[in-house]
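Asker: Fold the following for me, if possible:
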Amino acid sequence: MERKQRKVFRSRMSVLLIAFILMMMMLPGFVLTMRSGNIFNPGFYVMTGVMVFIAFIFGGIRYIITDKQLLVKMWGVQYGSVPLTHIKSVKRSYCLLSSPAASLKRLRLIIKFKKGIDWPFALISPVREQEFLEKLKEINPDIDIRVNNRKAWYRIWDWDI
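Answerer: Residues are numbered from 1 along each chain as shown. Below is the predicted model:
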């Protein structure tokens with residue numbers, strides 16, 4: 001029996017995105033603590049728990065390329081999948097929409113449905129992006145890859161935005 005070839009990529013983690021989310025989550029707890037004058041305000045602990053949960057979720061995002069499909073999983077729970085033969089193109093995206101990615105530097109996958117409709121499947125951000133793209137191209141050479149890796153003034157020490 002032939003074993004399936006699998007390649008696992010974790011999600012890129014953006015320090016700036018995580019810092020922004022943490023700051024936005026800490027602000028209400030900090031305000032509640034300052035207004036009440038009590039350092040042991042339960043609202044502060046609730047917000048801290050939510051921050052830890054978000055960090056936990058971000059750490060568990062994985063993209064798995066098998067022989068036939070791309071799977072997106074969060075801590076082992078499948079979030080989505082698409083056959084690799086249906087992927088039409090891959091482009092760079094900095095879209096703010098919610099997606100299974102812990103970074104704003106993302107790849108937008110366009111898939112082709114049987115009726116000829118193009119649809120953006122997902123915004124993903126694999127950490128070893130070049131290796132990820134090479135693996136996709138190896139399995140499906142028809143994929144049009146248009147990913148630029150330009151540096152810009154808003155990139156701080158090559159952190160992702």
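Asker: where does the most centrally placed residue in the chain fall, phi/psi-wise?
Answerer: The centroid of the chain falls nearest to residue 101 when counting by CA atoms, centre = their mean (1.1 Å). Main-chain torsions, residue 101, degrees, to the nearest 10: phi -150, psi 130.
Asker: if I pick it, what's in contact with it?
Answerer: 11, 12, 61, 123, 124, 125 (CB atoms under 8 Å, 6 or more residues apart in numbering). Where you see a C-beta, it was placed from the backbone N, CA and C, and this is true even at glycine.
Asker: all strands of this structure, in order?
Answerer: Counting by DSSP state E, the chain has strands at residues 7-10, 61-65, 69-74, 77-83, 87-93, 106-112, 118-124, 144-146.
Asker: what ranges do the helices span in the protein?
Answerer: 15-36, 42-59, 129-139 (DSSP state H).
Asker: can you list those helices in a markdown table and add mean pLDDT?
Answerer: Converted to a markdown table, these look like this (pLDDT from 0 to 100):
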| stretch | mean pLDDT |
| --- | --- |
| helix 15-36 | 75 |
| helix 42-59 | 78 |
| helix 129-139 | 90 |
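Asker: okay, these in TSV with distance to residue 82 and mean neighbour count next?
Answerer: Below are these laid out as TSV (distance: least, CB to CB, whole Å; neighbours: other CB atoms under 10 Å):
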stretch	distance to residue 82	mean neighbour count
helix 15-36	24	15
helix 42-59	21	14
helix 129-139	11	16
